[in-house]
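[1] just a sequence and a predicted model for now, questions to come.
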Amino acid sequence: MSDRIDYGNLMHNAMRSLIRTVLDEVAERGLPGAHHFFISFDTTHPEVELADWLRERFPEDMTIVMQHWFADLDVGEDGFAVTLNFGDQPERMAIPYDAIRTFVDPSVEFGLRFETQEDEEEAELAASEEAPVDFEEFAPPAEDSPAAAEEDKEDAHKDAEIVSLDSFRK
């Protein structure tokens, strides 16, 4: 047993289970009301089944829309299969839940986004590469420094500036 709880993985499993439940209901009853889905997935996932021409057109990821026309929605334990229409050409595809990157139902402003290990590593790397903050840059100059003397001169000059009220009258 591990010495820590993997909340990220547990959350992803719960989110995939939610997608499965929703798709299961849609397979049984159809899409209710204005509901529809945008599902993006990793086309490089080894278990994605996709027509060769679609894989060539979408070499890394693809977003499908399940709304007006889809057929033969088959929901399984590890993924789902569906036939979609691409320019009057029906194509069958199988998508494992592990390949899903986003699942969105815009009709109710609901969406899920799956962070990959690579996404998390890139975010950590970007955070570690940020330049350190130079707090001295924000500190006021020391009283006896040349910068402080220059600021004092500028402030004194500003105080001595005379502004004519006529410049504000029309």
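    Received, thanks.
[2] residue contacts, the nearest residue to Phe86 once chain neighbours are set aside?
    The spatial neighbour of Phe86 that comes closest, neighbours along the chain excluded (Cβ to Cβ, 6 or more residues apart in numbering), is Leu54 at 7.3 Å. For the C-beta atoms, the positions are set from N, CA and C on the backbone; glycine is no exception. Shown in contact with Leu54 (Cβ atoms under 8 Å, 6 or more residues apart in numbering): 43, 62, 86, 91, 93.
[3] turn the residues you listed into TSV, including secondary structure and pLDDT.
    Below are these laid out as TSV (DSSP: H, G, I helix; E, B strand; the rest coil; pLDDT from 0 to 100):
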residue	secondary structure	pLDDT
Thr43	coil	94
Met62	strand	92
Phe86	coil	85
Glu91	strand	92
Met93	strand	93
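[4] check the residues you listed and tell me the two furthest apart.
    Thr43 and Phe86 (14.1 Å; Cβ to Cβ).
[5] the two: who's more crowded?
    Between Thr43 and Phe86, Thr43 has the larger neighbour count (other Cβ atoms under 10 Å), namely 19 against 12.
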